[in-house]
Structures are given as C-alpha cells and as structure tokens.
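Chemist: The sequence isn't on hand, but the structure is:
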C-alpha cells in the first residue's frame, strides 16, 4: 500500500563554510562533477575538476596546487580514487581528502579506501546537508 | 478603450500586484480586474506545476535527491536543475550506446565494460534523483554479475525506456516553469517530502 505525506520543508538555509574553500572535485561522471561544483559554490567555496585520479595527480605534480579539500570518487578509469589518494599522500599533499563511495561498496572496500589516506568517507549522492557539517568540523580540527 | 493618466503606485498584497491610478474614472478597478485575471492564470499554472511535480514523485520517477537539486537552484544558478538533468540525459545516451555495443555479439560480451557503464549510470541517476532509472541499474548490475546477457539486454531496453520517459516528463515540467515566468509569476518553492512505501520498480529477470 502506498502512502504519501507532504510537508513544507524550508529551503536549506543559506549557511556557508566559515572560510572560503578551494576544492578539487575528482570524478569521471560529468553529472556528478557539475552537482558537486554547485554544492561547493552554494557553501561559499570555489572548485576545480578532474576527470579521474590520474588527472588529479597530474594537477599536483608541479607542486603549486593548493586545495583545502579534495572530493575523490572511488571508481574511475585510468587511476581510481584509492590509487590517486595513496599517490597524493606520497607526494606530501596535505589537503583534506573526502572519499566519495557508493552504497554498494562494502565495509572492507571502504576501509581500504580510508587507509589509502582519506580524512573521511561519504556515500553518494552528496548533498549540501551531508557535506557542510563535515567540512566545518574538519576545518575546526 | 480606457487609458490611465498615470500609474500612481503599486502594491503587493498576498503576492499579487495591484496598481493604483490618480484618475477617478475607475481605471484602478479596471487594471485590478486585469491583474486579477493574470494572477489567476499564474495561480492556475502554479497549481498545475505543483500537482505535476507531486505526481512525478508519486509515480516513482523522482526521489528526494531531486528535491535536493531544486534546493540548490537560486538566483545565482537559475538553470542549474535543467543543466544537470540535461548532462544526465546526454550521459544516459552515451552509456546506453556503449553498453549496447558491448552486448552486441553473444560470443564476445565485454561484461566488465557493461558493468562499468551500469555503475556510472547508477551513480549519476542516483545523484539527480532519477529513481526508476536507478532501480533498473540495480537489476542491471545483478545481470552483469552473473553474466546474463539476455537479462542485460532486457535491462538495457528498460533503462533506455525509463530515461526517455523521464526526459519527456521533465521537459513538460520545465515548460510549465517557463509558462509561469512568462505569465509574470514565480516558480513554487514548495519542496515535497514523501514517505513512499511501495515496492521498487524492477524489471523481470526471467533467465
């Protein structure tokens, strides 16, 4: 039996991170890159994108890249998120890296991803409500 | 033919605009009647929009992630939802073509390639709130896992159908939005919240 209930939900209040974030969005899906760009913009940040882990690593090769936060997808062609995270940590990249997984990923896969050097893991789909408190807590820490 | 010497002032009452003139030949009554008619048209379009949006949730085309997308749209990004869904539909088309090629020859199916396509499609459909497309992808993945080519082909057909259906529905929704704006109204910002208890829409997996 299908039941529905409606309620007015207030539009998410316009809250922003406490300082301007510079974010690298790494995902092979253009839809998700666009969505994450808008989420970051909506919380007052600016962003750059990379289509896969290899691109993300290349952006850091000259040593001039400086991101506060990297949103790293797990499954990507050329170089996946786990490999890219490990490589970035080997390159002494100190940005916060949040892994973006799917609900289909099991606990072991998530653990392996975390151990590659993530600060935290979130499951898709991302939303402003999911990401904002995490960013603020991580920035405070 | 009635003309106003001047429109002295404008007042908004309960979201509706009222114009007042400084001449006393009843022009303000005339104008208000005209504006009332316009406001009625806007109200009707807004109701139509709201009812249509609600129906898309009730029929399982959309889920709460679409609500989250709409919340992100504001004056700075007025076409965000349309842009993202447009990207999604382009994605669907490319991935479906690619998976179709991978499934073409029964003796040489690249299930890894198909699985990769399904994975991506599931992710993007989940991110835009395309509930039916996402649910087909769940079944599609199961067929890939057991290397069931026939099941994969059925799922491919269904995912093609579902994304095209959603594309048509959302086009109608965006057209209603345009009509509201052209009639001088604002797009309703009511964000439905639903507890929908119903079985997932899954295709038949007969072997």
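Modeler: Great, that's in hand. Note that the coordinates shown come from a computational prediction; the quantities given were computed from them, not determined experimentally.

Chemist: Show me where chain A has its strands.
Modeler: A:22-26, A:46-50, A:69-73, A:96-101, A:120-123 (DSSP state E).

Chemist: Within its sheet, name the partner strands of the first one and how each one runs.
Modeler: Strand A:22-26 has the following sheet partners, assigned by DSSP bridges: strand A:46-50 (parallel), strand A:69-73 (parallel).

Chemist: on that earlier part again, can I get the strands of chain A in CSV with mean neighbour count?
Modeler: For the C-beta atoms, the positions are set from N, CA and C on the backbone; glycine is no exception. Below are these laid out as CSV (neighbours: other Cβ atoms under 10 Å in any protein chain shown):
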stretch, mean neighbour count
strand A:22-26, 24
strand A:46-50, 18
strand A:69-73, 27
strand A:96-101, 22
strand A:120-123, 16
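
Chemist: Could you measure from the closest residue in space to residue B:115 that isn't next to it in sequence over to residue B:153?
Modeler: In this structure, residue B:115 finds its nearest non-sequential neighbour in residue B:144, 4.3 Å apart by Cβ to Cβ, 6 or more residues apart in numbering or on different chains. Separation of residue B:144 from residue B:153 (Cβ to Cβ, to the nearest Å) stands at 12 Å.

Chemist: With neighbour numbers in mind, choose between those two.
Modeler: The neighbour count for residue B:144 versus residue B:153, taken as other Cβ atoms under 10 Å in any protein chain shown, is higher for residue B:144 (25 against 17).

Chemist: Show me the shaky parts of chain B.
Modeler: B:1-35, B:190-207 (pLDDT under 70).

Chemist: Now the most centrally placed residue in it: closest residue in space that isn't a chain neighbour?
Modeler: Nearest residue to the geometric centre of chain B (Cα atoms, centre = their mean): residue B:170, 3.5 Å. Counting by Cβ to Cβ, 6+ apart, residue B:85 is the residue found nearest to residue B:170 once chain neighbours are left out, at 5.6 Å.

Chemist: where does the one you found fall, helix, sheet strand or coil?
Modeler: Secondary structure for residue B:85, judged by DSSP: H, G, I helix; E, B strand; the rest coil, is helix.

Chemist: residue contacts, it?
Modeler: Applying Cβ atoms under 8 Å, 6 or more residues apart in numbering or on different chains to residue B:85 gives the contacts B:128, B:167, B:170.

Chemist: leaving aside the residues next to it on the chain, what's closest to the first one?
Modeler: Looking back up the chat, that one is residue B:128. residue B:88 (4.9 Å).

Chemist: For the one you found, list the residues it contacts.
Modeler: Residue B:88 neighbours (Cβ under 8 Å, 6+ apart): A:31, B:124, B:125, B:127, B:128, B:130.

Chemist: could I get these as a markdown table with secondary structure?
Modeler: Formatted as a markdown table, those follow (three-state DSSP):
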| residue | secondary structure |
| --- | --- |
| A:31 | helix |
| B:124 | helix |
| B:125 | helix |
| B:127 | helix |
| B:128 | helix |
| B:130 | strand |
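
Chemist: And the residues you listed, which of them are buried?
Modeler: For the contacts of residue B:88, a burial check counting by 16 or more other Cβ atoms under 10 Å in any protein chain shown picks out A:31, B:124, B:125, B:127, B:128, B:130.

Chemist: JSON lines for those residues, including distance to residue A:96?
Modeler: Output for the buried ones among the contacts of residue B:88, formatted as JSON lines (distance: Cβ to Cβ, whole Å):
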{"residue": "A:31", "distance to residue A:96": "24"}
{"residue": "B:124", "distance to residue A:96": "25"}
{"residue": "B:125", "distance to residue A:96": "28"}
{"residue": "B:127", "distance to residue A:96": "22"}
{"residue": "B:128", "distance to residue A:96": "26"}
{"residue": "B:130", "distance to residue A:96": "30"}
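
Chemist: for these, which one is nearest residue B:148?
Modeler: Proximity of the buried ones among the contacts of residue B:88 to residue B:148 (Cβ to Cβ) peaks at residue B:125, which lies at 20.9 Å.

Chemist: And the closest one, how close does it get to residue A:125?
Modeler: 10 Å.

Chemist: Specify the helix with the largest residue count in chain B.
Modeler: helix B:149-182 (DSSP state H).
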